[in-house]
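[1] next one to model:
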Amino acid sequence: MQPASIPTLTTQPTPGYYLRPRPQGFAAHICASPQNLGAVRALTRDELLGHGIAGDAVDSAQLVLSELVGNSVRACGPHVPLVVEVYVTSYGIAVNVHDPDPGALPMRRATALDCAEAESGRGLGLVELLAPGWQVRRSAIGKQVRCRVPADPGWG
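    As a prediction, the model looks like this:
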């Protein structure tokens with residue numbers, strides 16, 4: 001059972017956080033904030049586990065989600081309106097994040113993933129490691145970063 005503070009697909013939306021069910025997952029329309037990111041991460045875990053996805057793949061999807069939302073906040077500013085989609089497919093987990101700035105494209109820095117001194121710059125490297133072949137495309141909202149985290153669906 002989820003805590004009352006985390007909206008689910010069956011509860012009423014809260015300000016800055018609206019959920020829309022979709023086959024095998026959800027789309028969350030959020031105003032970026034630490035509490036909304038936490039709620040989407042918790043919902044991601046619950047939804048994926050409910051669809052039979054193994055724990056490691058769930059953890060990877062949550063990390064990819066966090067990195068993509070963080071990149072959108074860095075590009076567009078705090079409280080940016082985002083659409084976060086997470087759903088299970090026959091090839092794994094789709095994690096898509098839409099933000100309103102089509103021109104601020106994510107760029108991977110040259111920071112090594114194992115660099116102990118770096119304080120940032122590893123996020124897209126982690127995304128590439130966990131969701132190889134991620135893509136960016138323009139959308140009606142602005143831009144969409146699309147990722148596929150490999151996983152074996154429990155219903156497949």
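[2] switch to C-alpha atoms for all contacts and neighbour counts from now on
    OK.
[3] for A118, give me the pLDDT.
    We have a pLDDT of 44 for A118.
[4] what's the answer for A61, then?
    97.
[5] pretty sure it is touching V149, no?
    Yes. A61 is within contact range of V149, at 6.3 Å (criterion: Cα atoms under 8 Å).
[6] which of the two has more residues huddled nearby?
    A61 (29 against 24; other Cα atoms under 10 Å).
[7] which neighbours do A61 and V149 share?
    Each of 93, 95 lies in contact with both A61 and V149 under the rule Cα atoms under 8 Å, 6 or more residues apart in numbering.
[8] neighbours around S90, how many?
    S90: 13 neighbours (other Cα under 10 Å).
[9] that one contacts P153, doesn't it?
    Yes. Under the criterion of Cα under 8 Å, S90 makes contact with P153 at 6.7 Å.
[10] next, show the common contact partners of the two.
    Joint contacts of S90 and P153 (Cα under 8 Å, 6+ apart) do not exist.
[11] so where does the residue nearest the centre of the chain fall, helix or strand?
    By Cα atoms, centre = their mean, the chain has its centre lying nearest to L65, at 2.4 Å. Assigned by DSSP states H and E, L65 falls within helix 55-76.
[12] contacting residues around that helix?
    Applying Cα under 8 Å, 6+ apart, the set of residues contacting helix 55-76 from outside is 32, 37, 41, 44-45, 48-49, 79-80, 93, 95-97, 99-101, 104, 106, 123-124, 126-127, 130-131, 145, 149-151.
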